Structure formats: structure tokens, C-alpha cells
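Q: What would the 3D arrangement of this be:
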Amino acid sequence: MMKKLAFLLVVVMGLALLAGVGFAAEKSYTWKIAHIRPQGSTIDKELKKFAEDLKAATGGRITVNIYGANQLGDYTVVQEKIGLGAVEMGCMSMSTSVDKRGLAFTMPYLVRDYAMAKKNYAYGTPFANYIAKVFEKQNIKVLGYWPVYFGGVGLLRQPADPTNPMGKQNLKVRVPTMKTWEALGNGLGYQATPLAFSEFFTAAQTGMVDGIMGGGAENYYVTFRDLVKYYVPINSHFECWPMTINLDLYNSLSASDRKILDEKARDMETRRWRKVEEDQDVYETLLAKAGAKVVKLTPQQLEAFAKRGRETAWPELKKVLGDKVFNEISATFVLK
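A: Here you go, the predicted model:
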């Protein structure tokens, strides 16, 4: 009798243990993901699909709530919060306030077209892997990348010689508060004025600046279409947003949940690479419909801009990073 009771006790304990393991594997989560664009923008819609797919694939256990338009802070603040675990996820520009190596991610004229961009910015490429390691030092895991656009110049007034990178444009343009961008703006014939993106609207209204660099057609249309009268798509840089998650949180997930999360992030990236070039054309057309003149450049003119841009901006980046780090990063580039 005692043996039977002991046996039953072992069975019950074993079942309880299995039930506990099963319960642990079925843990539920509610996360926040931040981005910088308004509700209804392309990235907002894509993140909603990602959230829906992730929820469906986990049987409703993982819910991702989306916070756009800098509701949780700008990209610098959000990146810090993700590292600390105060915000779980983000998909936005990379902040360079913690690690200057991140400057390479928006390096002017690193790539010339979308084919080359994919060889450098897509998940798993040498350059993207290097950037992922930079994030890991901040307790952040990169799940994938979301290509946005090639950059251009949005202007309130007509430039003097917009297709000539050696010309004098006689216009003051806002540039990001980085020496590389200041050198680029001046090198391309503008008077570079370093300002935070959030300060551009007021600066433009007061006549402090005549235009803006550091964004692209989608950005300028969504945010400043009533101001921009000329758009010059000089392909100044390639904008690409890492999709990130707190590293401790990622590592705490079950293997099956990590696999699902990775797959859905890659699915989102794959969809975007298929559409990004088309979307750039769409937003240039929308700018034109809103009243802006889009100044098209030939491949030869774009190559001349790239040559001039590299001559002016890359030495500044090398100064900031130092020869060793600059060479370490540039060794990951695929430039053909």
C-alpha cells in the first residue's frame, strides 16, 4: 500500500512539474515599441502588421503596443530607455550619444543605390553585424533593419546651381548636429547650420535657415510639405532604422518565442526591401503634387555628388572615430 502511495505521489509531482514547465513556456507579455513618425505613416502601418503577426504566431501571448510621433521620447531618449528596459522595443534612427561608432550608420555617401544599400544594411551583412555589436554594448539586441530612403535637400527657396556639387547655392540649410554633416553641407555649396531636427520648423519660419539636409522625401512630405518648395534628391545618405529590443528581455524569452520574434522581424524587413525604392518615388511625386519642384539628377551628377561628399565628410568622421576604428568599420563595407 505504501509503495502504491509513494508511486502515486511521484506521478502527481511529475505531472505538476510538467504543468509548471508548460505554464512557464506559455508566459504572456505586453510590450511597448516606439517610432518617430505620425500615426498612419508607412512605418506605423508596418509595425502594426508586425504586432498582429507576432500576436497571431504566439496565440495571443505577446502583445506589442505601438507609440509613434516621439510619444515616449526622441530616438536618443528611447534608445537609452530600451537599454535600461524602461521601453521594450524601438524602430527608429540610431543615436550616437553613447557610442560614436554609430555615426557610421548614417555616413554620407556610403552607398550609391538600393542594390548596394542592401549589401551593407540588410540583416546579417558585415556592416549590419558590426552595428549590432555596437548596440549589444548598450544592452540592446538588433532584430532587423527597416530601410527608409536615400536623403536629399528640402529647400524653401530656389537654389542657384542645384545639380552641381561644386556650385554655390547661396542658401543656409539645417544639418544634423554632427561635424560630418556640417562638412558635407558646406562642401556641397550650402551654408551649413547645425540644428536639432525639432528646431527646423521655427528656424525656417524666422528666416534663420532656407532649407534642410539629413532627411528624405518621405520625411519632408510628412513633416514639412507646406514649407518645402524645392527638393533635390542628392542621395546624401542612406537612412535605415534598426528594430531593437532590450537584450535582457530577449535572452529571457523561451527559445521558441525568440525564434518567432526573429522570424516576424525578418519578415517585416524583407517586405520593406521589396518596397522601399518604390516608396521613395511615391513620396517625391507627393512632394511635387504638394507644390514642390523636384530637381532630378542624372547618374553622372549623382556620382559627382558622391565623390564630393566623400571628400568633405569622410575625413571628419575619421577625425571623430580615429584611424583604427574608422578602418575597422570601413573594412565591413561592400562598395560594389
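Q: per the record, what domains does the protein have?
A: Per automatic domain parsing, the domain ranges recorded for the chain read 28-99+114-148+240-278, 152-237+282-330.
Q: What spatial separation is found between residue 234 and residue 281?
A: To residue 281, residue 234 is 16 Å away according to C-beta to C-beta, to the nearest Å. Quick note: C-beta positions are derived from backbone N, CA and C, even for glycine.
Q: now the helices for the chain?
A: Shown for the chain, the helices assigned by DSSP state H span residues 2-25, 42-57, 75-84, 114-121, 126-136, 179-187, 200-205, 217-224, 247-252, 255-289, 299-321, 323-330.
Q: Of all these, which one comes closest to residue 154?
A: Comparing the helices of the chain against residue 154 with C-beta to C-beta, the closest turns out to be helix 217-224 (4.2 Å).
Q: the inter-axis angle of the closest one versus helix 255-289?
A: Angle of helix 217-224 versus helix 255-289, following axes from the mean of the first three to the mean of the last three C-alpha atoms, to 10 degrees, is 70 degrees.
Q: how far is helix 217-224 from where the chain is centred?
A: The chain centroid and the centroid of helix 217-224 are separated by 16 Å, computed with C-alpha atoms, centre = their mean, to the nearest Å.
Q: Please identify the nearest residue in space to residue 326, excluding sequence neighbours.
A: Using C-beta to C-beta, 6 or more residues apart in numbering and skipping the chain neighbours, the partner closest in space to residue 326 is residue 318 (4.5 Å).
Q: What's the per-residue pLDDT of the one you found here?
A: pLDDT for residue 318: 96.
Q: Count the residues that sit near it.
A: 15 (other C-beta atoms under 10 Å).
Q: Could you do residue 69 as well?
A: 13.
Q: try residue 327
A: Residue 327 has 11 neighbouring residues, counting by other C-beta under 10 Å.
Q: The residue nearest to residue 326 and residue 281: what is the separation?
A: From residue 318 to residue 281 the distance is 34 Å (C-beta to C-beta).
Q: Give me the most central residue, the chain.
A: residue 241 (1.4 Å; C-alpha atoms, centre = their mean).
Q: Correct me if wrong: that one contacts residue 89.
A: No: Residue 241 lies out of contact with residue 89 (C-beta atoms under 8 Å); the separation is 11.9 Å.
Q: of all the helices of the chain, which lies closest to residue 68?
A: Closest of the helices of the chain to residue 68 is helix 42-57, at 5.1 Å (criterion: C-beta to C-beta).
Q: give the contact list for the residue nearest to residue 246 when sequence neighbours are not counted.
A: Closest residue to residue 246 apart from its sequence neighbours, by C-beta to C-beta, 6+ apart: residue 85 at 4.8 Å. Contacts for residue 85 were tallied using C-beta atoms under 8 Å, 6 or more residues apart in numbering; they are 139, 246, 248-249.
Q: mind checking how far the residue nearest to residue 149 when sequence neighbours are not counted is from residue 91?
A: Leaving aside its sequence neighbours, residue 149 sits nearest to residue 216 (C-beta to C-beta, 6+ apart; 3.6 Å). Separation of residue 216 from residue 91 (C-beta to C-beta) stands at 17 Å.
Q: When those two are compared, which one has more neighbours?
A: Legend: neighbour count by other C-beta under 10 Å for residue 216 and residue 91, higher for residue 91 (28 against 24).
Q: isn't the more buried one right up against residue 148?
A: No: contact between residue 91 and residue 148 fails when scored by C-beta under 8 Å: they sit 10.2 Å apart.
Q: list residues touching both of those two?
A: With C-beta under 8 Å, 6+ apart, residue 91 and residue 148 have common neighbours 43, 241.
Q: rewinding a little: shouldn't the residue nearest to residue 149 be in contact with residue 240?
A: No: in this structure, residue 216 is not within contact of residue 240 by C-beta under 8 Å, at 11.3 Å.
Q: residues bridging contact with these two, i.e. touching both?
A: Going by C-beta under 8 Å, 6+ apart, residues that sit against residue 216 and also against residue 240 are residue 148.
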